[in-house]
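K.L.:
Pasting the sequence and the predicted coordinates here, then a few questions.
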Amino acid sequence: MLARMLRTTRLTRARELAGVFALILAACGDGVLDETPDPDPVTPDAQVNPTACDARIAELAQGLDHGSVGACSLVVRLDHETFAVKSYHRSCARYATVSEATARTTARQTTGFAMNGASLTTVDQQAYVFVDGPPDPRRVAIVSSTLGETMFGASIGDSTQGGDITYPATWRTLPPTTLECPYGRNIYSIGFDLANSGAPLAQVDRDRAIGAVTPTGLVQALQGVTDVLGAIVLRYPRATAPFDPASAEWVVVIGAGWLE
């Protein structure tokens with residue numbers, strides 16, 4: 001009786017081992033191990049083409065001239081929900097000494113707004129950001145403190161009337177492409193949430209907005225003739241009551257200047 005039980009146990013174990021070996025052979029392809037390495041995982045760097053990036057940056061840099069000792073500004077509009085680049089505007093000129101009073105006069109002349117409200121920034125932050133109320137911001141204008149030129153102007157509506165971007169009048173669009181050109185330097189930034197009374201923007205929002213601009217080659221094109229000095233990020237709503245994310249935008253203003 002004991003001998004029969006031992007034979008039965010051995011047979012059961014043999015069948016189990018045979019099943020395991022069958023599974024291994026099936027996985028390896030009739031007993032031949034497949035030593036082909038797994039393909040490398042797809043990463044964002046796989047889309048980087050240094051040669052194509054150099055060509056793109058050179059193309060974007062064409063026409064940029066700051067007069068040997070000067071500065072440039074870049075304004076980029078982003079979709080509020082996706083952070084996709086919608087359009088951009090650039091301006092270059094020789095350096096200028098611009099006081100807050102002079103910048104305020106320039107804002108009034110170019111945007112048509114009275115611009116009597118406070119500036120959210122100072123001359124040391126590359127641009128003046130003027131806002132008018134009351135009580136929440138209803139108009140905004142940004143004037144470069146190194147160029148003396150208006151870079152952005154817009155109105156903010158309420159429940160009865162929406163606002164719109166009024167300056168500049170013309171914008172450029174990037175050609176459709178999946179090319180990403182890395183930018184290896186950090187950009188100092190400040191930011192303001194105009195949908196929340198001009199409160200400071202969180203670092204994560206500023207980083208995401210700037211991170212959407214740097215792979216386009218626009219910043220690298222500026223660096224080809226100047227040094228990037230810093231960025232101002234705005235969360236711009238066309239209306240605040242109620243807030244409509246579908247019409248809101250992120251506005252990234254990057255200043256660059258020639259440094260000795």
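P.N.:
On my side now, so go ahead.

K.L.:
part of a helix, is Asp205?
P.N.:
Yes - the assignment for Asp205 (DSSP: H, G, I helix; E, B strand; the rest coil) places it in a helix.

K.L.:
Pull the number of nearby residues for it.
P.N.:
Asp205 is flanked by 17 other residues according to other C-beta atoms under 10 Å. From N, CA and C alone the C-beta is placed, and that goes for glycine too.

K.L.:
Can you tell me how far it is from Asp244?
P.N.:
Distance of Asp205 to Asp244, computed by C-beta to C-beta, to the nearest Å: 18 Å.

K.L.:
Point me to the helix or strand that includes the residue lying closest to Ile187 once chain neighbours are set aside.
P.N.:
Taking C-beta to C-beta, 6 or more residues apart in numbering as the measure, Ile187 lies nearest to Ala231, with 5.1 Å between them; neighbours along the chain are not counted. Assigned by DSSP states H and E, Ala231 falls within strand 227-236.

K.L.:
Name the helix or strand for Thr106, please.
P.N.:
Going by DSSP H and E, Thr106 is in helix 100-111.

K.L.:
Run through the helices of the chain in chain order.
P.N.:
Ranges of helices within the chain are 2-28, 50-61, 100-111, 203-213, 218-223, based on DSSP state H.

K.L.:
Comparing these, which yields the minimum mean pLDDT?
P.N.:
If these are sorted by mean pLDDT, helix 2-28 sits at the bottom with a mean of 37.

K.L.:
which residues touch the residue nearest to Ala61 when sequence neighbours are not counted?
P.N.:
If you skip the residues right next to it in sequence, Ala61 has Ala221 as its closest partner in space, 4.0 Å away by C-beta to C-beta, 6+ apart. Ala221 makes contact with 57-58, 60-61, 64, according to C-beta atoms under 8 Å, 6 or more residues apart in numbering.

K.L.:
same check, this time on Asp205
P.N.:
If you count contacts by C-beta under 8 Å, 6+ apart, Asp205 has them with 191, 193, 233, 235, 250.

K.L.:
ok, now Ser87?
P.N.:
Counting by C-beta under 8 Å, 6+ apart, Ser87 makes contact with 76-77, 171-173.

K.L.:
Pairing-wise in the sheet, spell out the partners of it.
P.N.:
Ser87 has these beta-bridge partners by DSSP bridges: Arg77.
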